[in-house]
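Participant: my questions are about this predicted structure, shown below with the sequence.
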Amino acid sequence: MTPEPGIRLRAANPADDGFVIEMARHACVIEDWPLPAPDDDEVLELLPPPGVVPIIAEDQGGVPVGAVWTYHSDPPLRTDADGAPLPELCIGVAPGRRGAGVGGLLLDALFARLAGTVATMCTNVHVRNPAQRLYERKGFRVVGQGNGPLGVAMLKDLR
Ligand SMILES: CC(C)(COP(=O)(O)OP(=O)(O)OC[C@H]1O[C@@H](n2cnc3c(N)ncnc32)[C@H](O)[C@@H]1OP(=O)(O)O)[C@@H](O)C(=O)NCCC(=O)NCCS
C-alpha cells in the first residue's frame, strides 16, 4: 500500500497525551460502536506505562493522525517460556485517515524500535476487526483465544 504522502513519524511528547488517549479509545471498539469515556478502565489499561514513549504519525501540517505503543495488561495476554508477560500492541489511526498506509508505517517503526530488546510481542484483536489482515501482512500470526469469546490472540517475532 502506498502511504499517504508527507507522513512523518516522531516520538510522542506531553502535548500528545490527549491524542494518545483518543487513539486508545478507538482501539477499544470496532465498527461504529460508541467510544468509551477517556477515563474508562478499558482505556486506562491500554495507555502507555511509564517509560514507554508512543510513536506518533503526523501529516504535512503537523496534525497527529495515528499512534502506536506497547503496554502490559493484567493478566497478560501471553507470556514467554519463562513466564514473563509479552508486550502488547496498541495502535490507532484517526477515523478519516485510515486505509492510507499510516497504520503500516507505524507498525514498521515499532518493530524497528523493539528489535534487539524484545523477542516477541502480542496483540488481542476482535474477530471482526479488519485490523487482523494488516497484522497478518506485517508478520503477526494467530495463536489462539484472546480476550473474551470474540478475542483472537496474535504473536509477532521480532528477532
Ligand atoms: C487498525 C488501524 C490502526 C489500521 O491503520 P490504517 O492506517 O487504516 O492501516 P493501513 O492503511 O496501513 O492498512 C490498511 C489495513 O488496515 C486494516 N483496517 C482496519 N480498519 C480499517 C479501516 N477502518 N479502514 C481501512 N483499513 C482498515 C485493514 O486490514 C486494511 O487492510 P486491507 O486493505 O487488506 O483491508 C486503523 O484502522 C484503526 O485505527 N482502527 C481502529 C482502532 C483499532 O482497531 N485498533 C486496533 C485494535 S486491535
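Facilitator: Looks like it came in fine.
Participant: quick one: contacts for the residue of the chain found nearest the ligand?
Facilitator: When scored by C-beta to the nearest ligand atom, the chain has Gly103 as its residue closest to the ligand, at 2.3 Å. C-beta coordinates here come from the backbone N, C-alpha and C atoms, glycine included. If you count contacts by C-beta atoms under 8 Å, 6 or more residues apart in numbering, Gly103 has them with 66, 91, 93, 131, 134.
Participant: and it, that one's in a helix?
Facilitator: Yes - under DSSP: H, G, I helix; E, B strand; the rest coil, Gly103 sits within a helix.
Participant: run through the contacts of Gly103 and flag the ones next to the ligand.
Facilitator: Filtering those for neighbours of the ligand using C-beta under 6 Å from any ligand atom leaves 91, 93, 131, 134.
Participant: how deep is the first one tucked in, by neighbour count?
Facilitator: Which is Ile91. Neighbour count for Ile91, taken as other C-beta atoms under 10 Å: 24.
Participant: tell me which element it is part of?
Facilitator: Under the criterion of DSSP states H and E, Ile91 resides in strand 88-93.
Participant: nearest residue to Met23 in space, please, no chain neighbours.
Facilitator: Ranked by C-beta to C-beta, 6 or more residues apart in numbering and with sequence neighbours excluded, the top spatial neighbour of Met23 is Gly92, at 3.0 Å.
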